[in-house]
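Enquirer: Show me how the following folds:
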Amino acid sequence: MQSLLLFTLFALSIATTYFSDDFTASNWESRWIASTKRSAHERGALDLSAGKCFTNEDVESGIRTSQDARFYAYSAAFPAFSNAGKDLVFQFSVKHEQSIDCGGAYFKLHPAGLDHTNYDGDSEYFIMFGPDICGSTRRVHFILNNGGTNHLINKNIPCETDTFTHVYTMILHPDNTYSVLVDGAEREKGSLEEDWSILKPKKINDPSVSKPADWQDQKFIQDPEDFKPEGYDDIQKEISDPDASKPEDWDDELDGEWEAPKVPNPEYKGEWRARQIENPKYQGDWVHPQIDNPEYAPNDKLYAFDNIGAVGLEIWQVKAGTIFDNILVTDSVATAEQDRVELLTRKAAEQTCEDAQRKASEAEAAANQPEPEEPKEDL
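Expert: Okay, the predicted model is just below:
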C-alpha cells in the first residue's frame, strides 16, 4: 500500500498540467474570450453559477449557458505543447440542470493561434469530445482530426441525461489506443486505427474476383412442382352481397338500376404464390476474398498533435442552463483521477438537495390545496 502511494505521488510530481480552470478565480472572463463572429441576437452569454443545489458555492461554480436558443462560442488559450510520446487527458464536468432536451455540451482542443474573436464551427480543431443530446441522439461525441479531415468515432458511446454533475474523461495513449470514462467508469476503449476510419483499410475485396453467376445463395426457392390451380385468377376479390335485396321504395327511373353492394368474397385467397421449399443447391452467403490493400499506410502517431494551444466551447442549445466546470488538459491519468474523485462527491449532495427541494415543493402544493367543502344538511 505504501509503495502504491509513493508511486502515485511520484506520478503526480512529474505530471504536466497544460490547462486547468475550475472558475474559482473571479476573472474567468479575461481567460475565456467570447466570439463575436455571429450576430448579437444569435450569441448566447455565459455566466457563473453553482446551480440550485450545491455544498460550497464558490468551489462549485462553473460557466453556465444562460439564454435559450443561442449559439455559445468561447475559447481560452494556453502555452502550446505536443502530446507525442505521452498520454493526453482531457476532462471536464457537466451539469444539465435544465433537463436538457436539445443541445451540445462538448469541448474542442485547437491548434495554437486560434482566432478567438472569430471562433465558430468552422475553426480548425484537433479533438472534439463530450456529450450531445437532441431527440433520440444521446451520445458522447469523440472526433479526431487527421490531415485536415474530422473523423467521428465508429462506436456509439452513451452519455448521461439527468440533472446532476457528471465527469467526462478522454485519454489518448501513445500506443494509439484510447479510453472514454464517464464518472470514472470506462464506457469505451480500443484502437484508434480500428475505431476511427482515418486510415485506408488494411484489407480490401479482391478486384479480380467476383461472385460466380451460378452461385446459389437463396436458402428457399419456389417449389417447381407447385402449380397455380386452373381458374385461380378468375376468383373475384369482392362479390355482390347475396343477402342484399332491392329496397321496396327503389325507383329505377329515379334512382337508376339497383346493384347489390359488394362484400369480400370468401373464396378469394389473394395473389397466388408457389409454396417455398429449401433450395437443394444452396451454398450459403458468398464471401468476397480479400487481399492486402496497397494503399494502406500504417501511422503510429494517430494519437499525437504537435501544436495544441487552445480549448473551446462551441455549441448550440435550445434550452439553456448547463454548467461546465473543472476543465483539465494534462498528461497525467493520476491527476485527472484525483480531481475526478473530488468532483464526484458533489453528485450525492446534489441528489440529497434535489430530493429535499422536491419534497418541500410537494408539501407546499398539498398545503395550498383548498379544504373540501362540508356536505350540506337537508332542511
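Enquirer: And the strands in the stretch 1-150 of the chain?
Expert: Secondary structure of the stretch 1-150 of the chain (DSSP state E, counting those that start in this stretch): strands located at 17-21, 33-34, 46-49, 62-65, 70-81, 88-96, 102-104, 107-111, 127-134, 137-146, 149-152.
Enquirer: closest to E188 out of those?
Expert: Nearest of the strands of the stretch 1-150 of the chain to E188, taken as Cβ to Cβ: strand 137-146 at 8.0 Å. Where C-beta positions appear, they are placed from N, C-alpha and C, glycine not excepted.
Enquirer: which parts of the closest one are buried?
Expert: Neighbour-count burial for strand 137-146, counted by 16 or more other Cβ atoms under 10 Å, picks out R139, V140, H141, F142, I143, L144, N145, N146.
Enquirer: Present those residues as TSV; the columns should include pLDDT and distance to V333.
Expert: As requested, the buried residues of strand 137-146 are exported to TSV (pLDDT from 0 to 100; distance: Cβ to Cβ, whole Å):
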residue	pLDDT	distance to V333
R139	96	23
V140	97	18
H141	95	21
F142	98	17
I143	98	21
L144	98	19
N145	97	23
N146	96	23
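Enquirer: of those, closest to K95?
Expert: Nearest to K95 out of the buried residues of strand 137-146 is V140 (Cβ to Cβ; 15.7 Å).
Enquirer: D195 and P298, how far apart?
Expert: Using Cβ to Cβ, to the nearest Å, D195 is found at 16 Å from P298.
Enquirer: if we can go back for a sec, if we only consider the buried residues of strand 137-146, which is nearest to I308?
Expert: Distance to I308 across the buried residues of strand 137-146 (Cβ to Cβ) is lowest for N145, with 11.3 Å.
Enquirer: contacting residues for that closest one?
Expert: By Cβ atoms under 8 Å, 6 or more residues apart in numbering, the contact list for N145 reads E124, Y125, F126, I127, H151.
Enquirer: cool, V311 as well?
Expert: Neighbouring residues of V311 by Cβ under 8 Å, 6+ apart: F19, S75, A76, F78, F107, K108, L109, H110, I327, V329.
Enquirer: Same check on T177?
Expert: Counting by Cβ under 8 Å, 6+ apart, T177 touches K189, G190, S191, L192, Y303.
Enquirer: Could I get the buried residue list for the longest helix along the chain?
Expert: For the chain, the longest helix by residue count, based on DSSP state H, is helix 345-367. Buried residues in helix 345-367, defined by neighbour count with 16+ other Cβ under 10 Å: R346, K347, A349, E350, C353, E354.
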